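**Q** sequence first, predicted model second:
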Amino acid sequence: MADQQDNYPAHLSTYTSFNKLVLFTILFVVLLLSCMALGLVGNAHIFALLLGIGGTLALLVAFAVMS
């Protein structure tokens, strides 16, 4: 029983890191799909490109700062 209590902080850290990874992946997929929709269906190619690059950089910086 003592082993389970000793591993709790490590498990909590892993769980938190995995949640951040899943959140990043979901947000990135939503960003990618919205940029594709703007570029292909909305005929806003340059805006979609800038939004995709800017959004990706913003996501990377936000999750780097959050870690």
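**A** Yep, it's here. Residues are numbered from 1 along each chain as shown.

**Q** who's in contact with the residue nearest the centre of the chain?
**A** Closest residue to the average C-alpha location of the chain: residue 24 at 1.4 Å, with C-alpha atoms, centre = their mean. Applying C-beta atoms under 8 Å, 6 or more residues apart in numbering, we find residue 24 in contact with 59, 63. Bear in mind the C-beta positions are built from the backbone N, C-alpha and C, glycine included.

**Q** now the helix or strand where it lies: buried residues?
**A** In this structure, residue 24 sits in helix 8-40 according to DSSP states H and E. Across helix 8-40, burial judged by 16 or more other C-beta atoms under 10 Å covers 31, 35, 38-39.

**Q** got these as JSON lines, with distance to residue 62 columns?
**A** As requested, the buried residues of helix 8-40 are exported to JSON lines (distance: C-beta to C-beta, whole Å):
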{"residue": "31", "distance to residue 62": "12"}
{"residue": "35", "distance to residue 62": "17"}
{"residue": "38", "distance to residue 62": "21"}
{"residue": "39", "distance to residue 62": "23"}
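
**Q** so where's this structure uncertain?
**A** Scanning the chain for pLDDT under 70 picks out the ranges 1-5.

**Q** ok, 80 please
**A** For the chain, the stretches flagged by pLDDT under 80 are 1-6, 67.

**Q** and the buried residues of helix 8-40, which is closest to residue 45?
**A** Distance to residue 45, by C-beta to C-beta, is smallest for residue 39 among the buried residues of helix 8-40, at 5.1 Å.
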